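[1] here's a sequence, model it:
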Amino acid sequence: MTAIRYCFVPLALLCQCDALSPPSSNTRRDFLESVAAASSAAATATTASFPNLANAAVEEGSFSSFSSSLSLSSSDDRPLSLPPLGLGAWAWGDSIFWGYDRKNDEDLREVFDYALAKDLAFFDTAELYGLGRSEELLGKFRKEGCATKEEEEKVVIASKFAALPWRTKREDVVKACEASVKRLGGRPIDLYQIHFPNAWSNAEYWDGLADAADRGLVKSVGVSNYGVDALRACHARLSERGIKLATNQIQMSLLYRWPIENGLLDACRELDVKVLSYSPLALGFLTGKYNREYLPSGPRSKIAEQLFQDGAYEGLLGTMKDVAGRHGDAPLSQVAINWAIAKGTVPIPGARNLRQVKQNLDTLDWSLTAEEERMLDDASARVTGFITPDKNPFPRKDVNTGLVMYDS
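    Numbers count the residues shown, from 1 in each chain. Below you'll find the model as predicted:
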């Protein structure tokens, strides 16, 4: 199992949350196994793979019921405006993959306050992250850290709807959005995205996005992990409602170049859909932290072994060090992030403490030259051994329409 699959570990936990519970079946395990054949997005991280998750505790009230009658008014009709760099908040509340502990909440508050002070307070979260805890923390920090409405307006928050297999109606999107709005403090969400494709009901989700926008719950809408065909279909469907598809959040980095090579990045540009690039540091493998003698533990260890079997990976790190040396020995993470920016995307690296957020945001103090970008392109194109699209858990097609949903 690849490390990317671990982002779906929370799906096994979600079965214990009332608002997201699937239809009744003999056991939760039976239900998840029964949908595995048609919806790999939800079934790749079941309790069959993680038997101890069946009894895992869920945050009290994380997905409490929220009235579907909620409607907000927003006078802000301006198009979505994003800074050149955002901050991912997956780790804010996720104890399974990132070891979240509430005692470290003040570290996260420092991250929020620093980004706000720098006018770079763009945070990407999701209802899955910490089973709602990530959203709750962002809502709390915004309420307590912003003294004026003007300061509140500086905070841009993107969240995401989990396209779980038992969610099949447009109303499911609206209800989930309402719950996210509540956890985020009651304000309209700046950007609301479909987190990943489902094996069915995708068009219903797009209608749900439009409904949420019409009701003032969100200011703009986007998708995530969508391939070229799905991107075009969603863009067309939303256009029929007079709503712009603002973003597509996809995995892209020096170690994961597939969106560049298969035309997805070009399709986003053609449709004027902004790309948010997640995992720009490739699970930490673009930070220079690891070597043949010091490998990460857990699910990333096998990826590391594969990378170090290929001398091209160390060649890429060497090129990154050369580029960093031209910019005052900048951290390698800044080289990786600046490469993603040079490709026209908005990278969203994670940050859990003040050191990390400073290092991430300081990336904007310099930029790559055209020559440096070419050097990195050449070096990265030689690397094999990292995750390939076929190893990611998303369904390739909508079983009802035949539409190709995911390609990279």
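[2] C-alpha from now on. contacts and neighbour counts both.
    Noted.
[3] count the neighbours of P395 for me.
    Burial of P395 is recorded as 23 neighbouring residues (other C-alpha atoms under 10 Å).
[4] roughly how far does it sit from S333?
    Noted for P395: a distance of 31 Å to S333, by C-alpha to C-alpha, to the nearest Å.
[5] which residues in the stretch 101-250 of the chain form strands?
    Under the criterion DSSP state E, counting those that start in this stretch, strands of the stretch 101-250 of the chain are mapped to 122-124, 156-161, 191-194, 221-224, 245-251.
[6] so what does the fourth one touch, helix or strand wise?
    Helices and strands touching strand 221-224, by 3 or more C-alpha pairs under 8 Å, 6 or more residues apart in numbering; DSSP states H and E, are strand 191-194, helix 202-214, strand 245-251.
[7] out of these, which is the most enclosed?
    Mean neighbours per residue, mean count of other C-alpha atoms under 10 Å, is largest over the helices and strands packed on strand 221-224 for strand 191-194, with a mean of 26.
[8] run the chain-centre distance for that strand.
    The chain centroid and the centroid of strand 191-194 are separated by 10 Å, computed with C-alpha atoms, centre = their mean, to the nearest Å.
[9] before we move on, what about stretch 258-274?
    In this view, stretch 258-274 has its centroid 17 Å away from the chain centroid, taken as C-alpha atoms, centre = their mean.
[10] ends of it, what's the gap?
    Across its full length, stretch 258-274 reaches 17 Å end to end, with C-alpha to C-alpha as the criterion.
[11] and what of stretch 163-179?
    This stretch, stretch 163-179, spans 15 Å end to end (C-alpha to C-alpha).
[12] got the buried residues for that stretch?
    Across stretch 163-179, burial judged by 16 or more other C-alpha atoms under 10 Å covers 163-168, 170-179.
[13] now do that stretch: distance to the chain's middle.
    The chain centre lies 18 Å from the centre of stretch 163-179; the measure is C-alpha atoms, centre = their mean.
[14] just the mean pLDDT for that stretch, thanks.
    Along stretch 163-179, the predicted confidence averages to a pLDDT of 97.
[15] about what we covered before: do you know which of the helices and strands packed on strand 221-224 lies nearest D362?
    For the helices and strands packed on strand 221-224, proximity to D362 was assessed by C-alpha to C-alpha; strand 245-251 is nearest, at 22.0 Å.
[16] what does the helix or strand following the closest one contact?
    Beyond strand 245-251 in the direction of the C-terminus, DSSP states H and E gives the next helix or strand as helix 258-261. Taking contacts as C-alpha atoms under 8 Å, 6 or more residues apart in numbering, the residues outside helix 258-261 that touch it are M252, L265, D266, P389, S408.
[17] so of those residues, which ones are in helices?
    The helices, defined by DSSP state H, take in L265, D266 from these.
[18] got CSV for the contacts of helix 258-261, with pLDDT, neighbour count and distance to L128 too?
    Shown next, in CSV, are the contacts of helix 258-261 (pLDDT from 0 to 100; neighbours: other C-alpha atoms under 10 Å; distance: C-alpha to C-alpha, whole Å):
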residue, pLDDT, neighbour count, distance to L128
M252, 97, 25, 21
L265, 98, 24, 26
D266, 98, 15, 29
P389, 92, 15, 22
S408, 92, 25, 21
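[19] and the furthest pair within the contacts of helix 258-261?
    In those, the most distant members under the criterion C-alpha to C-alpha are D266 and P389, with 17.8 Å between them.
[20] surely L87 is in contact with Y114?
    No - in this structure, L87 sits apart from Y114 without contact. The criterion is C-alpha atoms under 8 Å, and the distance is 11.6 Å.
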